[in-house]
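> Fold the following, please.
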Amino acid sequence: TVYNPNIHNKAIDTRIVRTFKKKENEERVAKSRWVCRGFKDERMHDTYKDTYSSTGDKFLLYIIIQYCLFRKFKMKTCDVKTAFLQTPVESNDNIFIEIPNDIYNNYKEYFRGKKICRLLKYMYGLGDASKGFNVYLKKILNKMGYIELYDCIYIKINNNNNIISIIYIHVDDLFIGCDEKEEKKIEEEISRELELDGFENIMDGEEHRYVGVSMKYNKNENKIYISQKEYKEGIEYEYIGNKKNINISEKEFLSPKEYGDEEYIDNKLIHEAQKLVGILGWLVITQPPLYYIFSKLSQYTTTPTPRIINNIKKCIIYVKERSKYIELSAVNKPSIESMADASFKRISKQSRLGYTFRIREEKELKENKLNNNMYNNIFCWKSKKIGRLIDSTTAAELMGMKAALKISYKCINFIKKLWGYENIYYVHYTDNLPLLKIIEKNKFDEEPSLSGEVKYCVQCLEDNNATLRWIDTANMIADSLTKFVKV
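Got it, this is the predicted structure:
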């Protein structure tokens, strides 16, 4: 081709990446992907370029599943095949790539003798490929009659203003819940616009995998069970150690400074620590009572010692052996129950908070009927270190309440839109009596610096018309997110 500096100097070089992918039947299949070095794309230097990836909040997916069970919707998943390669490049974007020699030499006629080409569809490696696919998919869904309810969540309504279909999007993986009458129509419409890997029927009673978790429908109970069954079965004991070695305690979570083995910190172990913590993180994404283990140990990946490496392996075995299913079931008249707790260390002034959210039947919650099965209808949970020094347990509990109430707005508004109720009954539980009195007074006399947090919590409770209740520690299910609790 004739040299053109305006094009050739901007061309992005590309290469072929070859790997193996394991299918559901454990068969290893060779996979090749043509990718470009997107960091060389000059368009990404412009400040106006968004490069976000379309991923819906996982906890909203759990709410959607409970809604679909309530509506007796059919539930399916599908994967868009080579999603980016199906997405047209914006007309005002001139993206040029350089063809690799091995491809060019074998297919010269196809490229008409030109080694520099302009892309008409997005390519893997481009910074804005995810955004481009998201915009393209949104146009398709809008054409099909869907409206955006939340980011990456679309609904279709009928003439009576009732939801007849809902779609949740995680990059190129779709979760579809729909009325039985709409089932075939939706499949045909989406398949006409996009090339798919096929639809998987979640309702067939088999184990299905979606966005990293396993789902199984129980027809007799009308429940969806969610776990990491497939993932944990793939972890070999040869790598992590003895199956019987699962006796762990709070001392396993001490930092090198607390334990006194700082001198044994070995930077050569950082990669192994990160890999092991990554495994642990995937194991606990469906295990609220065990999430503390990951949250605590993930702090030490940059300061690993042989003891920490061994403890992470022990914890992987513990989680692998003790994990259970999350149970999601239909709720007719939804209400929200949240619990927040915190742990406090007086010497170091450091604390950790934890909170949980569950959908409960309104009648049960109004009658204050407790449900100690943490896995039942839980959709959101968190365990995290409080990023400031705290001087009392009550102050730590206040920070936990604030974190939970902050996310309650999104939960309540989303449930309102799905179920169609103007008001959602909401109860927040705490096991700290002094905190109840502080919220009642709207003032923290012992620690005036936290008065702003108190006022914020009071405002959130008033905005959501929430009820604040005390609960004894034995029934506080968020307790296991603040410290190690054997399960």
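> is it true that residue 351 touches residue 387?
No. If you go by CB atoms under 8 Å, residue 351 and residue 387 don't touch, sitting 9.7 Å apart. (Glycine included, C-beta is placed from N, CA and C.)
> After the helix or strand containing residue 328, which helix or strand is next? Please name it.
If you go by DSSP states H and E, residue 328 is part of strand 326-329. Going down the chain from strand 326-329, the next helix or strand is strand 334-345, by DSSP H and E.
> Packing partners of that next one?
Helices and strands touching strand 334-345, as assessed by 3 or more CB pairs under 8 Å, 6 or more residues apart in numbering; DSSP states H and E, comprise strand 350-361, helix 362-366, helix 393-419, strand 425-430.
> among the ones you listed, which is the most enclosed?
Ranked by mean neighbour count, the helices and strands packed on strand 334-345 are led by strand 350-361 with a mean of 24 (mean count of other CB atoms under 10 Å).
> With just CA atoms, put the strand holding residue 328 into PDB.
Extracted C-alpha coordinates of strand 326-329, given in PDB (Å, rounded to 0.1, in the frame of the first residue of the first chain):
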ATOM      1  CA  ILE A 326     -28.300 -19.400  49.000                       C
ATOM      2  CA  GLU A 327     -32.000 -20.000  48.800                       C
ATOM      3  CA  LEU A 328     -34.100 -17.500  46.800                       C
ATOM      4  CA  SER A 329     -37.800 -17.900  46.900                       C
END
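> tell me the mean pLDDT over that strand?
Averaged over strand 326-329, pLDDT sits at 96.
> nearest residue to the residue sitting nearest the centre point of the chain other than its sequence neighbours?
Note on the chain: the residue nearest the mean C-alpha position is residue 58, at 3.9 Å, using CA atoms, centre = their mean. Nearest in space to residue 58, with sequence neighbours left out and distances taken as CB to CB, 6 or more residues apart in numbering, is residue 211 at 7.1 Å.
> what's in contact with stretch 119-136?
Residues outside stretch 119-136 that contact it (CB atoms under 8 Å, 6 or more residues apart in numbering): 12, 14, 33-39, 41, 43-44, 49-54, 80, 83-90, 95-97, 152, 169, 171-172.
> and residue 270, what helix or strand is that in?
Using DSSP H and E, residue 270 sits within helix 270-283.
> list the helices and strands that helix packs on?
When contacts are defined as 3+ CB pairs under 8 Å, 6+ apart, helix 270-283 packs onto helix 229-233, helix 291-297, helix 306-322.
> Just put these in JSON lines and tack on mean pLDDT, distance to residue 406 and mean neighbour count.
Below are the helices and strands packed on helix 270-283 laid out as JSON lines (pLDDT from 0 to 100; distance: least, CB to CB, whole Å; neighbours: other CB atoms under 10 Å):
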{"stretch": "helix 229-233", "mean pLDDT": "85", "distance to residue 406": "30", "mean neighbour count": "16"}
{"stretch": "helix 291-297", "mean pLDDT": "89", "distance to residue 406": "18", "mean neighbour count": "23"}
{"stretch": "helix 306-322", "mean pLDDT": "87", "distance to residue 406": "28", "mean neighbour count": "19"}
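> Nearest to residue 449, out of those?
Nearest to residue 449, of all the helices and strands packed on helix 270-283, is helix 291-297, at 25.9 Å by CB to CB.
> can the helices and strands packed on strand 334-345 go into CSV with extra columns for mean pLDDT and distance to residue 453?
Formatted as CSV, these follow (pLDDT from 0 to 100; distance: least, CB to CB, whole Å):
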stretch, mean pLDDT, distance to residue 453
strand 350-361, 95, 12
helix 362-366, 95, 26
helix 393-419, 95, 5
strand 425-430, 97, 14
